[in-house]
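Student: Sequence first, predicted coordinates after that:
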Amino acid sequence: MSRHHLLFAYASLAVAAVLMVAGCSPSPSAAPAPAAAPPAPQVAVLTVQARPVPLKTILPGRTAPTLIAEVRPQVTGLVQTRNFREGAEVKAGEMLYRLDPATYQAAYDSAKAALARSEAARATARLKAARSKELVALKFVSQQDYDEAAAALQQAEADVTAAGAAVETAQINLGYTKVTAPISGRIGKSSVTAGALVTANQPTSLATIQQLNPIFVDVTQSSGDVLRLKRALAKGELKKTPANAARVSLMLEDGSKYSLEGSLQFSDVTVDQSTGAITLRALFPNPQGDLLPGMYVRAVVEEGVRDDAIVIPQQAVMRDNKGDPLALVVGPDGKVEQRKLQTARTLGSDWLIDAGLKPGDRIIVEGLQRARPGSTVQAVEFTPPTTAAPNAPPAGSAPAAATQAPEKSSQQDSKGAGKAPQS
């Protein structure tokens, strides 16, 4: 082939390649294909249900004995013996101390002798008065002699009465040399030993006896809470517990629960002006003596039962800039709606709701950082977390494909959780 023919062939191939490239390039007026819309974020929701809820209040308090008595001497004397073991149980009337009775025994014997002398003098005066009465009728004695004999008889009878009272007093004082327990209970430490001199009406007690079974628990509650409880009962929002009595349970200092239940016995009628609180008193059985006076305890008082109560987890409640509680609710169309709430109190890890929600509402519990008011979300039912194996995903969480995000993003979401989203 000649050189001219080769040049013509190469030129033809170049022109064809240019035309092919021009045909494959898009025209300037053609629009790009639309991008696929991102899927709706997935959140875990809880369907609100109304149910009866017993309302309980935890109040701090301290234990107190039901009876307390200070043992004091009624007469002066030396302590001969102490007849009890410190910290033991004693019975009412049991002798605790014995004082030296010698002087009181002598006083009692002397009083008895004086009584016998007075009775003898009364007998003589009675006979003389009887004879004078007979003789005055026969005019053998004067009326004045008879009147003197009658007055002497009356004086002798008075002397007998006074001597009898002196004998009784001496007997009482002799009995006081035996210092007995005024009540049954547990006795504390003794302030005296054998050989000590004690006096009547001394300021220091010999020992103290406290009755601990049953035992009182005194707690305080604010007057505002008492008024709120009364209004709720009057409106029918609460119904009283069975037997119309408030039951009380105890939490001890170490966090353990006391095995026996008590009942509310007393509510003070005066509000403490310094604290604005009212004292409540509960009565607990204490057969084993586990509760001691002065122990710090927490009393769980059953206020009543609220029918149709709405309770939601605390993690579903957010706060706006003013601190008011909010919740995000998913509608039937998947749209997110923001609700303002009125919370009454906490019940463990839940909130008791007064207003803002109704049965059937679906509140967002997990995935709050991915939801905004007015946005569309994909709702899955929330399942309370249970004990799972290590590295297992929490129950009720969204699938991994929908929740995978860089570690930094998840940290930012966790910092923003609990705040109301901007609408």
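Tutor: Okay, I see it.
Student: three-state assignment of the closest residue to residue 198 other than its chain neighbours?
Tutor: Spatially, and ignoring its direct neighbours in sequence, residue 198 is nearest to residue 73 (4.3 Å; C-beta to C-beta, 6 or more residues apart in numbering). C-beta here means a position set from N, CA and C on the backbone, and glycine is covered the same way. Assigned state for residue 73: coil (three-state reduction, DSSP: H, G, I helix; E, B strand; the rest coil).
Student: any weak-confidence spans in the stretch 251-400 of the chain?
Tutor: 385-400 (pLDDT under 70).
Student: can you give me the strands in it?
Tutor: Here the stretch 251-400 of the chain has its strands, by DSSP state E, counting those that start in this stretch, at 262-267, 277-284, 296-313, 318-319, 325-330, 336-340, 342-347, 350-355, 362-366, 378-381.
Student: Include mean neighbour count and distance to residue 290 when you put these into CSV, please.
Tutor: Shown next, in CSV, are these (neighbours: other C-beta atoms under 10 Å; distance: least, C-beta to C-beta, whole Å):
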stretch, mean neighbour count, distance to residue 290
strand 262-267, 16, 13
strand 277-284, 20, 10
strand 296-313, 18, 11
strand 318-319, 16, 43
strand 325-330, 21, 41
strand 336-340, 16, 48
strand 342-347, 14, 28
strand 350-355, 17, 32
strand 362-366, 22, 41
strand 378-381, 15, 46
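Student: Of all those, which one is nearest residue 108?
Tutor: strand 277-284 (44.3 Å; C-beta to C-beta).
Student: Note down every partner strand of the closest one and its orientation.
Tutor: Neighbouring strands of strand 277-284 in its sheet, by DSSP bridges, are strand 207-222 (antiparallel), strand 262-267 (antiparallel).
Student: thinking again about what came up before, now do the residue nearest to residue 198, the pLDDT please.
Tutor: What the model reports as pLDDT for residue 73 is 94.
Student: Of all the strands of the stretch 251-400 of the chain, which one comes closest to residue 88?
Tutor: The minimum distance between residue 88 and those falls on strand 277-284, with 22.0 Å, by C-beta to C-beta.
Student: So what's the gap between the closest one and the chain middle?
Tutor: Distance of strand 277-284 from its chain centroid, counting by C-alpha atoms, centre = their mean, to the nearest Å, is 9 Å.
Student: can you check stretch 296-305 too?
Tutor: Distance, stretch centre to chain centre, for stretch 296-305: 4 Å (C-alpha atoms, centre = their mean).
Student: thought residue 89 was touching residue 188?
Tutor: No - using C-beta atoms under 8 Å, residue 89 is not in contact with residue 188; the gap is 11.9 Å.
Student: check contacts around the nearest residue to residue 41 once chain neighbours are set aside.
Tutor: Closest residue to residue 41 apart from its sequence neighbours, by C-beta to C-beta, 6+ apart: residue 370 at 3.9 Å. Residues counted as contacts of residue 370 (C-beta atoms under 8 Å, 6 or more residues apart in numbering) are 41-43, 377, 413.
Student: Least confident of these?
Tutor: Among the contacts of residue 370, residue 413 has the weakest pLDDT, 40.
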